[in-house]
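> here is my input, please return the structure:
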Amino acid sequence: MATRSAVWGEAFATMRSTPVASIATAAAAFLLGFLGIFASFEDLQRIVTAWDRQIAAGSTVLTVASSSPEGLPAARCEQLNELDSVVAAGGRSASSSVTSALLPSRRFTIDLTTPHYARVVWPGLDKGANPSVVASSTVAQELGLGAGSGVAVQGVASPYEVSAVAAAAPRLPQLQNSLVVAEATSSRVEACLVEAVPSAVTDVEALLTGWFSGPDPVAVLRLVPPKDADQDPQSELTRRIGVAVPVGAGAGAAALACVLLWARRGDFASYRLAGASRREIFELFLIEFAHLYAVPLAAGATAQLALRSPGLGASAVVGQALLIDIAALLATASVAVPLAKAYLDRLDPIRTLKGE
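Numbering: from 1, shown residues only. From the prediction side, this is the model:
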């Protein structure tokens, strides 16, 4: 083999001469890539689902309370919504028990709040809107309310017009029997609830200790105390053991390549005796490795990615974890290349053909 084109021609001729073995090898590599990333998706789905449950319960919500009975400045609480690390922030200024004008036997609570309060206590509300009047699912069901419905209350001249009905249970159980009414004129709030971006809870917690200026100290507490103070989705994705599966799949592809390299040692010895250089034999292996292992392995991972990625959303940390897994899969498989290079450099064609 005097030219590179001859090396390529020999590689393709070898693969064509053994179609069953070539197809089976490529299929095995494809399956390893497909199943390796399948395991990654299952692991990531478990983590994402667990975090969705924790976030819905309020694990990323912080409560800021003042030691003063006057509470906290409502405007200062609302300003937290301008921070990139805050999902929503708001507080309640007053609460009163009222009676329905249409159903006198039914009593419920009206909570007067800042505009973003409803989004903190009901995570299922539309992220792009701050509804002025939100009815809990219980109140809406018993009074037959929907968006646009009017709620007449005894002793109140004008009915409240419901702008949204909360489908999910509130993070604060007492709001299950409430009508939350946003007031832009609130000057003080009893406490400020702040939902932080999951990866920034610790930073927001530290910020809140000095956010409300004044002589009275404030206490910052988590709505749902964490099991691990340092736990966040980024660190959990980084520490997960699921990355071992793609590494194992890549190692399987590398081992398969090494086994077939050993099985073909007689062919490589014949090429050496026929005048092929060690570099040309290594190039021959690289061509076969790319077509029978690397490309099918990457194709299997890509196929799994195309099938499953829409179900995990567009989270940056999830995308980063998937890229790490795919890189680990391909990097581990590529270990076969230096191993093959070391073996072919030491290949003695005469002794190999003699079976020594």
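> lowest mean pLDDT among the helices and strands, pick that one out for this protein.
Ranked by mean pLDDT, DSSP states H and E, the weakest helix or strand in the chain is helix 233-239, scoring a mean of 59.
> could I get the full set of helices for the stretch 151-300 of the chain?
201-208, 233-239, 244-263, 265-273, 278-289, 295-308 (DSSP state H, counting those that start in this stretch).
> right, and these - which one's nearest Gly33?
Minimum separation from Gly33 across these (C-beta to C-beta) falls at helix 295-308, 2.8 Å. Quick note: C-beta positions are derived from backbone N, CA and C, even for glycine.
> could you check the next helix or strand after the closest one and say which residues are buried?
Using DSSP states H and E, the helix or strand that follows helix 295-308 in sequence is helix 316-333. Neighbour counts over helix 316-333 (16 or more other C-beta atoms under 10 Å) mark Val317, Val318, Ala321, Leu322, Asp325, Ile326, Ala328, Leu329, Leu330, Thr332, Ala333 as buried.
> looking at those, which one is closest to Leu103?
For those, the nearest to Leu103 is Val318 (46.4 Å; C-beta to C-beta).
> which of the buried residues of helix 316-333 sits closest to Ser93?
For those, the nearest to Ser93 is Val317 (36.2 Å; C-beta to C-beta).
> looking at the protein, which helix is longest?
Assignment by DSSP state H gives helix 19-57 as the longest helix of the chain.
> list the buried residues in that one.
22, 25-26, 28-41, 43-44, 47-48, 51, 54-55.
> quick one, that helix and helix 278-289 angle?
60 degrees (axes from the mean of the first three to the mean of the last three C-alpha atoms, to 10 degrees).
> what is helix 19-57 packed up against?
helix 233-239, helix 244-263, helix 295-308, helix 316-333 (3 or more C-beta pairs under 8 Å, 6 or more residues apart in numbering; DSSP states H and E).
> mind putting those into CSV with distance to Glu283?
Shown next, in CSV, are the helices and strands packed on helix 19-57 (distance: least, C-beta to C-beta, whole Å):
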stretch, distance to Glu283
helix 233-239, 38
helix 244-263, 14
helix 295-308, 16
helix 316-333, 19
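> looking at these, spot the one closest to Gly71.
helix 233-239 (32.3 Å).
> for the protein, give me the ranges with low pLDDT.
For the chain, applying pLDDT under 70 flags the ranges 1-4, 51-52, 54-57, 126-130, 225-242, 309-317, 356.
> domain parsing of it, as residue ranges.
For the chain, automatic domain parsing gives the domain ranges 4-53+235-353, 61-223.
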